[in-house]
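K.L.:
let's see this in three dimensions:
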Amino acid sequence: MSLSLGKSFNRNYNIRLPFLNAFYDIGLFFNTKSSFLLFSVGSSSSYFKEPIKINMFKNLEASKFCETFLDLHQYRGKNLDIMNQVKSIKDEQVGECIQILNENINISKYTQNDKSFFDALNIYCYTISGYENNIFFLIAERQHIVSRISKKIVRTTGIQIATNIAYKSLIEYHEEYLKYSKTKNL
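P.N.:
I've put the predicted structure just below:
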């Protein structure tokens, strides 16, 4: 039986990520004519011995992982509208946060005034040092060109999958980051 994406989606991209002694299969659904993204989650193991937390974020700023480890970029201009694009791993977190995946899929190419622009899907995945198989934060960035108004729209969404132990460590990292931020701004 095939999966019907309906009118909202016309593309699907799948990724398999190691987790504990199994894998998670993450599906990314999108439409070539919009910046909207949706995840599907499946596991290659029907039984994990410990509870797993799965959180999806339409707004990356609401994520403790992003607030703790990643610098996000915002920009609004005449031809560019960016919300929550990952700029980099925060300087003070470089040894603690590890990027484990960086994939770029060009969907189409637009040329205007001898410049090329790409309608693309970029996928990034991060983990915490020491918890590589216990937590990951996958970010899907949709760069959509609206040719009618000559504008590039960039939107991101994320999914976090973690064991309870890794999630508790993330909370500890987040609390330390908040303390560090307060003393840094004094």
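K.L.:
all helices of this structure, in order?
P.N.:
Assigned by DSSP state H, the chain shows helices spanning 64-69, 164-184.
K.L.:
please work out which of the ones you listed is packed deepest.
P.N.:
With neighbours defined as mean count of other C-beta atoms under 10 Å, these peak in mean count at helix 64-69, which reaches a mean of 22. C-beta coordinates here come from the backbone N, C-alpha and C atoms, glycine included.
K.L.:
quick check: can you name the pairing partners of the longest strand anywhere in the chain and their directions?
P.N.:
Using DSSP state E, we find that the single longest strand of the chain is strand 97-112. With DSSP bridges as the test, strand 97-112 is paired with strand 115-128 (antiparallel).
K.L.:
what angle sits between the partner strand and helix 164-184?
P.N.:
110 degrees (axes from the mean of the first three to the mean of the last three C-alpha atoms, to 10 degrees).
K.L.:
can you show me the CA trace of strand 115-128 as CSV?
P.N.:
This file holds the C-alpha atoms of strand 115-128, laid out as CSV (Å, rounded to 0.1, in the frame of the first residue of the first chain):
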residue,chain,number,x,y,z
LYS,A,115,22.5,35.2,-10.3
SER,A,116,21.4,31.7,-9.4
PHE,A,117,19.1,30.9,-6.5
PHE,A,118,18.1,27.5,-5.3
ASP,A,119,14.8,26.2,-3.9
ALA,A,120,16.2,23.7,-1.4
LEU,A,121,15.8,21.4,1.6
ASN,A,122,18.7,21.4,4.1
ILE,A,123,18.8,18.9,6.9
TYR,A,124,21.1,19.2,9.9
CYS,A,125,21.3,16.9,12.9
TYR,A,126,23.1,17.5,16.2
THR,A,127,23.8,15.5,19.3
ILE,A,128,25.4,16.0,22.7
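K.L.:
show me what the residue lying closest to Phe118 once chain neighbours are set aside is bridged to.
P.N.:
Spatial nearest neighbour of Phe118, excluding adjacent residues (C-beta to C-beta, 6 or more residues apart in numbering): Asn106 at 4.8 Å. Counting by DSSP bridges, Asn106 is bridged to Ala120.
K.L.:
who's in contact with Asn106?
P.N.:
Phe118, Asp119, Ala120 (C-beta atoms under 8 Å, 6 or more residues apart in numbering).
K.L.:
could you measure from Leu17 over to Phe36?
P.N.:
Look at Leu17 and Phe36: by C-beta to C-beta, to the nearest Å, they are 22 Å apart.
K.L.:
right, I mislabeled it, should have said Asp81
P.N.:
Distance from Asp81 to Phe36, by C-beta to C-beta: 14 Å.
K.L.:
state the pLDDT value of the spatially closest residue to Ile128 that is not a sequence neighbour.
P.N.:
Spatial nearest neighbour of Ile128, excluding adjacent residues (C-beta to C-beta, 6+ apart): Ile135 at 5.7 Å. Looking at Ile135, its pLDDT reads 95.
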